[in-house]
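Asks: Predicted model follows, preceded by the sequence.
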Amino acid sequence: MADWLSGKVIKKIQWNERLFSLRIQCDFKSFESGQFVRVALDIDGERVARPYSLVNKPGDEYLEIYFNIVPEGPLSPKLAELEVGDEIFVTDKANGFLTVDEVPQCKNLWLLATGTGVGPFISILKGEKVWQRFEKVVLGYSVRDMSELSYKEEIAEIESQHGEQFSFVPFVTREKIDGAINQRIPLSVEDGSLEKSVGVSINVNSHIMMCGNSAMLSSVTECLTDRGLRKHRRREPGHITTEKYH
């Protein structure tokens with residue numbers, strides 16, 4: 001069972017009225033990009049905890065989480081009230097299989113995210129393993145409006161570092177924005193517009209990692225299954241890895 005570490009907020013980023021990132025300084029050992037930790041606060045005499053993926057890369061001197069306020073949630077509104085210097089608790093071990101090491105051998109890697117589900121993919125893209133293993137890496141990141149498109153500077157830096165090996169495809173579903181696809185990820189997979197935008201096909205030489213809302217995960221999985229792709233399991237290597245965010 002994991003133990004709790006006492007940490008301190010060293011940076012707070014407010015992206016819009018409901019989206020936040022916190023950088024946390026604590027004595028955390030190691031993790032793999034794509035994994036998550038449990039974060040907690042003591043509220044009314046009870047330690048309330050929830051899992052959050054790490055956005056920073058392994059080796060950074062801090063941990064970073066990215067979250068949205070769930071209005072009736074027991075933890076996220078309190079996390080959003082924290083300021084630099086406040087105490088926060090983090091489990092001493094990370095978990096999760098949404099990592100590059102879990103991906104079987106293939107040519108192209110597709111990272112598809114909705115909302116805060118982009119967090120673990122930012123961590124993966126900041127690391128080295130993903131660029132050593134795949135010929136092409138595509139990030140599809142879907143939000144409702146431009147105020148929700150967080151980590152733009154980090155993504156731009158990744159684009160500048162990795163050139164044609166990397167393609168970023170933003171999806172903005174409630175606004176028409178130049179350079180963004182104005183529809184949801186499932187429809188863009190179904191009609192081929194995602195693949196057309198990057199000039200690469202999703203096929204048996206691909207692995208698709210998805211993180212986000214359950215509707216996106218189930219719809220895209222169904223579409224890809226119809227193409228002959230299958231969910232990845234350790235005992236039965238496949239093409240689709242998912243992690244659900246609510």
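Replies: Great, that's in hand.
Asks: can I see the domain layout of this protein?
Replies: Residue ranges for each domain of the chain read 4-91, 100-244, as given by automatic domain parsing.
Asks: Any chance of those in TSV with mean neighbour count and mean pLDDT as columns?
Replies: Heads up, the C-betas are built off the backbone N, CA and C, glycines and all. Formatted as TSV, the domains of the chain follow (neighbours: other Cβ atoms under 10 Å; pLDDT from 0 to 100):
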stretch	mean neighbour count	mean pLDDT
domain 4-91	17	97
domain 100-244	18	96
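Asks: so how far is the longest helix seen in the chain off the chain centroid?
Replies: The residue-count maximum for a helix in the chain (DSSP state H) belongs to helix 214-226. How far helix 214-226 lies from its chain's middle: 17 Å, per Cα atoms, centre = their mean, to the nearest Å.
Asks: And for that helix, what's in contact with it?
Replies: 112, 114, 142, 184-186, 189-190, 202, 208, 210, 231, 239-240, 242, 244, 246 (Cβ atoms under 8 Å, 6 or more residues apart in numbering).
Asks: And for this structure, the residue most distant from the center?
Replies: The outermost residue of the chain relative to its centre, with distances by Cα atoms, centre = their mean, is G45 at 31.6 Å.
Asks: Now that residue: phi and psi?
Replies: Dihedral pair for G45: phi 80, psi 10, per degrees, to the nearest 10.
Asks: about what we covered before: I would like the residues contacting whichever helix or strand comes after the longest helix of the chain, please.
Replies: Once the chain leaves helix 214-226, the next helix or strand it forms, by DSSP states H and E, is strand 240-244. Residues outside strand 240-244 that contact it (Cβ under 8 Å, 6+ apart): 53, 96-98, 102-103, 117, 120, 207-214, 217, 221, 224-225, 229-232.
Asks: run the last query once more with 7 Å
Replies: With Cβ atoms under 7 Å, 6 or more residues apart in numbering as the test, strand 240-244 has contacts from 96, 98, 102-103, 207-211, 214, 217, 221, 224, 229-232.
Asks: What of stretch 177-196?
Replies: When contacts are defined by Cβ under 7 Å, 6+ apart, stretch 177-196 is touched by residues 112, 114, 140, 142, 146, 169-173, 176, 197, 201-202, 216, 219-220, 223.
Asks: Endpoint to endpoint, that stretch covers what distance?
Replies: Length of stretch 177-196, first residue to last, Cα to Cα, to the nearest Å: 18 Å.
Asks: go on, stretch 40-54?
Replies: End-to-end for stretch 40-54, by Cα to Cα: 14 Å.
Asks: And for stretch 37-50?
Replies: OK, stretch 37-50 end separation, Cα to Cα: 8 Å.
Asks: what's the answer for stretch 96-110, then?
Replies: 18 Å.
Asks: I'd like the distance from it to the chain centre, please.
Replies: 14 Å.
Asks: for this protein, what spans make up the helices?
Replies: So, for the chain - with DSSP H - the helices run 76-81, 119-126, 129-133, 152-162, 185-190, 193-198, 214-226.
Asks: Throw these into a markdown table and include distance to R23, thanks.
Replies: Listed next are the helices of the chain as a markdown table, based on distance: least, Cβ to Cβ, whole Å:
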| stretch | distance to R23 |
| --- | --- |
| helix 76-81 | 13 |
| helix 119-126 | 13 |
| helix 129-133 | 22 |
| helix 152-162 | 13 |
| helix 185-190 | 28 |
| helix 193-198 | 32 |
| helix 214-226 | 28 |
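Asks: Among those helices, which comes closest to N16?
Replies: helix 76-81 (11.4 Å; Cβ to Cβ).
Asks: The closest one packs against which elements?
Replies: Where contact means 3 or more Cβ pairs under 7 Å, 6 or more residues apart in numbering; DSSP states H and E, helix 76-81 is packed against strand 36-43, strand 63-68.
Asks: The lengthiest strand in the chain pairs with which strands?
Replies: Using DSSP state E to assign secondary structure, the strand with the most residues in the chain is strand 4-14. In its sheet, strand 4-14 lies beside strand 19-25 (antiparallel), strand 87-91 (antiparallel), with partners assigned from DSSP bridges.
Asks: Alright, that wraps it up for me.
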